[in-house]
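[1] next input, structure requested:
(one chain, ligands or ions: 1)
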Amino acid sequence: MASNDAAWMREKKSELTVGPAPYALPQNNQILIKNHAVAINPLDWIIQCAGGLTYRWLKYPTILGSDISGEVVEVGSKVKTFKVGDRVIGHAVGSDKDSNNPAEGGFQNYTAVLEQMACLIPDFLPYESAAVLPLGLSTAACALYQSDLLGLELPSSSAVSLGRTVLIWGGSSSVGSNAIQLAKASGYEVYTTASPKNFEYVLSLGAARAFDYRAPNVNEEIIDALQGRDVAGAIAIGETGAASCVKIIRKCSGNKFVAITTPPVSFAELSDSNHSRFKTTKFVARLIGSNIKLQLDARSAGVGVKYIFGTTLKSNGIAEAIYGDFLPQALSEARYVAAPPAKVVGEGLEDIQKAIRLQQSGVSAEKVVVKIT
Ligand SMILES: NC(=O)c1ccc[n+]([C@@H]2O[C@H](COP(=O)([O-])OP(=O)(O)OC[C@H]3O[C@@H](n4cnc5c(N)ncnc54)[C@H](OP(=O)(O)O)[C@@H]3O)[C@@H](O)[C@H]2O)c1
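    Predicted coordinates for the structure are as follows:
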């Protein structure tokens, strides 16, 4: 049996350290992936900064990491889609409350992944490029397709225009890059926001129009542009997204709903490990206060709002529709691209902590990736 190593998070708020980990055989409904690349998400540093304020169920030591790509080395007894040797991406869900299991974390050499959260990748797609997909894709899919969020039509290879428009606030982010592509493949027109330097990028993914989210009158510009259109709802990415989307969607006709990825205050404020209890209390008060304001504003505007949790698709049929039915062919025909592009910043488990800090310091239309050999 092969030996395994992991970048462990040994206690709350600690840095990752590399050490031996069990080589865990997959459960019946899982595959075991030998990882060749992992990508970094804001969630990784948010868990490190936030202590017990989020993911409070996590048992330590734990193994973080959602995005992996690699080769299948073991398959569970009930797995039908994959065989040993397949090249795949996988969305690792080891930090979810219902798994809370280091064997299912991404930041190690071997990760157990649910069959429905993995997808074959074409030979032309390098592992480093493919690793950018899972959490961004899953989160976008939850937002667009879950009936408790936007409840839109699923994507297909032959989408026809449905004559409806989706607003994706934050289109150059990882979640946004996937939301644009999915919505387009479902037949929706996409309006999005980004920095002007990324307009060409978001248009290349399929957006019809892009707006500068920092422009002082951006809300009014988008409201004007959406007049006369049937709006299918909005996805709000970035701290300012939800408040703006509520203001915009209230003035539009169609589905008055905003699916939210990001709270109005940033957990990065807690990244200083020496911060005082007072600072944490103040942060929590602002977090609660800003969320209450958002809910009240939305209610008085007649707009529904709800936070997304980017792994809920694993148990409602949407994972099968996206990772199983849609993505393999769309990737192999290059109708869907692995976006945003990978920025490879290191090689080996030892480089993951550095990569997490780099992602926290800010990215623009790119995804931080570490090669795993
Ligand atoms: N709820 C969930 O389950 C879930 C899952 C995944 C992610 N998230 C959250 O969703 C957000 C996006 O995650 P990600 O991995 O996609 O992030 P990311 O790729 O690291 O985001 C960076 C991008 O965000 C854009 N951006 C930053 N602030 C913005 C704002 N106020 N308005 C519009 N765009 C803004 C930047 O655009 P420009 O460079 O063009 O300026 C940049 O391209 C994060 O807050 C993350 O924590 C939540």
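[2] identify the residues contacting Val72.
    Ile31, Leu32, Ile33, Lys34, Phe82, Lys83, Val84, Gly85, Asp86, Val88 (CB atoms under 8 Å, 6 or more residues apart in numbering). Placement of C-beta: from N, CA and C, glycine included.
[3] quick check, the fourth one in contact with Tyr110.
    Same thing as Lys34. Yes: Lys34 is in contact with Tyr110 according to CB atoms under 8 Å; the separation is 5.8 Å.
[4] between the two, tell me which one has more neighbours.
    Tyr110 (24 against 16; other CB atoms under 10 Å).
[5] and the closest residue in space to the more buried one that isn't next to it in sequence, how many residues sit next to it?
    Closest residue to Tyr110 apart from its sequence neighbours, by CB to CB, 6 or more residues apart in numbering: Asn4 at 5.0 Å. Counted with other CB under 10 Å, the neighbours of Asn4 add up to 17.
[6] please apply the same query to Thr280.
    15.
[7] avg pLDDT for the helix or strand containing it?
    Using DSSP states H and E, Thr280 sits in helix 277-301. In this model, helix 277-301 carries a mean pLDDT of 92.
[8] which helices and strands does it pack with?
    helix 241-249, strand 304-307 (3 or more CB pairs under 8 Å, 6 or more residues apart in numbering; DSSP states H and E).
[9] how many degrees apart are that helix and helix 241-249 in direction?
    10 degrees (axes from the mean of the first three to the mean of the last three CA atoms, to 10 degrees).
[10] so how far is helix 277-301 off the chain centroid?
    Distance, stretch centre to chain centre, for helix 277-301: 23 Å (CA atoms, centre = their mean, to the nearest Å).
[11] show me the strands in the stretch 1-150 of the chain, by range?
    4-9, 16-21, 30-39, 67-75, 87-91, 110-114, 118-120 (DSSP state E, counting those that start in this stretch).
[12] returning to what we had before: what touches both of Lys34 and Tyr110?
    Here Lys34 and Tyr110 have Ala2, Val73 as joint contacts, going by CB under 8 Å, 6+ apart.
[13] enumerate the residues of this structure near the ligand.
    Residues of the chain lying near the ligand by CB under 6 Å from any ligand atom: 41-43, 135-136, 139, 169-170, 172-175, 193-195, 198, 213, 237-241, 261-262, 307-310, 363-365.
[14] excluding its backbone neighbours, what's nearest the residue nearest the centre of the chain?
    In the chain, the centroid-proximal residue (CA atoms, centre = their mean) is Gly136; its distance is 2.7 Å. In this structure, Gly136 finds its nearest non-sequential neighbour in Ser174, 3.6 Å apart by CB to CB, 6+ apart.
[15] residues contacting the one you found?
    Counted by CB under 8 Å, 6+ apart, Ser174 has contacts Asn41, Val132, Leu135, Gly136, Pro340, Lys367.
[16] one step back: can you lay out the strands of the stretch 1-150 of the chain as a markdown table showing mean pLDDT?
    Listed next are those as a markdown table, based on pLDDT from 0 to 100:
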| stretch | mean pLDDT |
| --- | --- |
| strand 4-9 | 98 |
| strand 16-21 | 98 |
| strand 30-39 | 98 |
| strand 67-75 | 98 |
| strand 87-91 | 98 |
| strand 110-114 | 98 |
| strand 118-120 | 98 |
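[17] closest residue of the stretch 101-250 of the chain to the ligand?
    At 2.5 Å from the ligand, Gly238 is the closest residue in the stretch 101-250 of the chain, using CB to the nearest ligand atom.
[18] quick one: that residue is in a strand?
    No: Gly238 is assigned coil when assessed by DSSP: H, G, I helix; E, B strand; the rest coil, not a strand.
[19] the closest residue to Gln108 other than its chain neighbours and Gly106, how far apart?
    In space, and not counting its chain neighbours, Gln108 is closest to Ala6: 3.5 Å by CB to CB, 6+ apart. Distance from Ala6 to Gly106, counting by CB to CB, to the nearest Å: 10 Å.
[20] got the contact list for the residue nearest to Ser66 when sequence neighbours are not counted?
    Distances taken as CB to CB, 6+ apart place Leu135 nearest to Ser66, at 4.2 Å, with adjacent residues excluded. Neighbouring residues of Leu135 by CB under 8 Å, 6+ apart: Ala39, Asn41, Leu43, Ser66, Asp67, His91, Ser174, Val175, Gly310.
[21] thinking again about what came up before, contacts only, for the residue nearest to Tyr110.
    Pro20, Ala21, Pro22, Tyr23, Ala24, Gln108, Asn109, Tyr110.
[22] please redo it, this time with the cut-off set to 10 Å
    Residues in contact with Asn4 (CB atoms under 10 Å, 6 or more residues apart in numbering) are Pro20, Ala21, Pro22, Tyr23, Ala24, Leu32, Lys34, Ala103, Gln108, Asn109, Tyr110, Thr111.
[23] what residues are bridge-paired with it?
    Bridge pairing for Asn4 (DSSP bridges) gives the partners Ala21.
[24] next one: Gly304
    Beta-bridge partners, per DSSP bridges, of Gly304: Phe257.
[25] please tell me how far it sits from Gly151.
    In terms of CB to CB, Gly304 sits 11 Å off from Gly151.
[26] more neighbours: these two, which one.
    Gly304 (18 against 14).
[27] any idea how far the more buried one lies from the ligand?
    16 Å (CB to the nearest ligand atom, to the nearest Å).
[28] surely that residue is in contact with Ala259?
    Yes: counting by CB atoms under 10 Å, Ala259 is a contact partner of Gly304 at 9.2 Å.
[29] tell me, what's touching the two both at once?
    With CB under 10 Å, 6+ apart as the test, Gly304 and Ala259 both reach Asp148, Leu149, Leu150, Gly233.
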